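> structure for the following, please:
(one chain, ligands or ions: 1)
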Amino acid sequence: MGTAIELRGVDAGYGGKRALTGVSAELPRGRATALLGHNGSGKSTLLGVLAGLHAPWAGTVHCDGERRPALVLQHTAASVALPLSVRDAVMVGRWERRGWWRRTTARDRAVVRDCLERVGAADLARRRFADLSGGQRQRVLIAQGLAQESDVLLLDEPGAGLDAAARERVLDLIDEITAAGTTVVHATHDGDAARRADHCLLLRDGRVRAEGRPEEVLAAPSSGK
Ligand SMILES: Nc1ncnc2c1ncn2[C@@H]1O[C@H](COP(=O)(O)OP(=O)(O)OP(=O)(O)O)[C@@H](O)[C@H]1O
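Just a heads-up that it's a prediction; the model follows:
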């Protein structure tokens with residue numbers, strides 16, 4: 001197993017506003033880590049730092065893999081204004097590796113098909129992304145993340161705004177993705193999602209409040225679960 005992601009003394013923020021202070025953590029390889037904490041505690045910022053979107057002000061971040069981690073945003077953050085098909089939406093995950101201006105290759109198309117199958121959305125490939133339910137959109141966005149073929153997949157509140165059945169399906173998917181060897185880090189407000197994770201990291205006001213097995217971290221004051 002070992003450590004897939006190591007953070008040492010990470011500070012980060014926006015303009016002059018600090019969002020993370022001295023964050024140190026070791027997240028296990030090929031396992032699911034749940035990022036916990038109240039609104040504004042710094043979960044999304046930490047995912048952004050791991051994804052390479054925010055440069056830390058201080059400290060170091062080491063992540064497995066030659067490619068940067070794939071970041072999957074909440075389905076509500078995805079634009080539905082563009083007339084994208086589901087297949088096109090997943091193909092976006094191939095852009096970084098191919099360059100968006102190049103023609104798609106047979107391998108790109110095969111990876112997209114495979115990722116749609118993995119999330120149980122192969123039958124939706126020709127549908128308009130905008131016409132899908134929230135749960136379907138979230139699974140398609142996870143397929144987009146998988147299509148990046150990174151060793152680390154980052155999910156920002158993948159269960160938010162979904163009904164219980166759709167949330168359960170996303171959690172099953174996280175289990176399948178880690179079983180296939182990919183490290184998953186997902187921000188969540190859901191106690192069930194935290195209990196099903198292998199490892200938890202609890203943030204409070206941008207600092208690590210607790211880290212370890214779910215039962216240990218959920219017992220910490222201010223876990224809110
Ligand atoms: N783009 C931004 N510009 C300025 N400040 C920001 C920005 N994004 C987040 N912040 C601030 O950084 C801090 C951490 O926010 P962050 O979104 O990382 O928390 P979070 O735990 O993900 O919250 P939530 O559960 O609401 O998504 C908060 O004080 C927030 O107001």
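> in the chain, what secondary structure element scores lowest on mean pLDDT?
Sorting the helices and strands of the chain by mean pLDDT, DSSP states H and E puts helix 95-98 at the bottom, at a mean of 78.
> what residues does the chain have near the ligand?
Contacts of the chain with the ligand, taken as C-beta under 6 Å from any ligand atom, map to 14, 17, 19, 37, 39, 40, 41, 42, 43, 44, 45, 187. Every residue, glycine included, has its C-beta placed from N, CA and C.
> buried among the residues you listed? Make that a ChimeraX selection.
Selection of the buried residues among the residues of the chain next to the ligand in ChimeraX, burial being defined by 16 or more other C-beta atoms under 10 Å:
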select :19,37,41,42,43,44,45,187
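> and the furthest pair within the residues of the chain next to the ligand?
The span of those, defined through C-beta to C-beta, is set by 17 and 187 at 19.3 Å.
> measure the most centrally placed residue in the chain to residue 192 for me?
Among the residues of the chain, the one closest to the centroid is residue 155, at 1.6 Å (C-alpha atoms, centre = their mean). For residue 155, the distance to residue 192 equals 15 Å [C-beta to C-beta, to the nearest Å].
> list the contacts for the residue nearest to the centre of the chain?
72, 142, 145, 174, 184, 185, 186, 187 (C-beta atoms under 8 Å, 6 or more residues apart in numbering).
> skip the chain neighbours and tell me the closest residue to the last one.
Right, residue 187. residue 43 (3.9 Å; C-beta to C-beta, 6 or more residues apart in numbering).
> what sits against the one you found?
By C-beta under 8 Å, 6+ apart, the contact list for residue 43 reads 35, 36, 37, 156, 157, 187, 203.
> re earlier: out of the contacts of residue 155, who's the most crowded?
Neighbour counts for those (other C-beta atoms under 10 Å) peak at residue 185, which has 29 neighbours.
> in the longest helix seen in the chain, what counts as buried?
Longest helix in the chain, counting residues (DSSP state H): helix 164-179. By neighbour count on 16+ other C-beta under 10 Å, the buried set for helix 164-179 is 166, 167, 168, 169, 170, 171, 173, 174, 177, 178.
> who's in contact with the second one?
The contact partners of residue 167, taken as C-beta under 8 Å, 6+ apart, are 159, 190, 192, 193.
> just those residues now: which is nearest the ligand?
residue 190 (11.6 Å; C-beta to the nearest ligand atom).
> now do the residue with the largest distance to the centre of the chain against the ligand, distance only.
The centre of the chain is farthest from one residue, residue 103, which by C-alpha atoms, centre = their mean lies 27.5 Å away. Counting by C-beta to the nearest ligand atom, to the nearest Å, the gap from residue 103 to the ligand is 35 Å.
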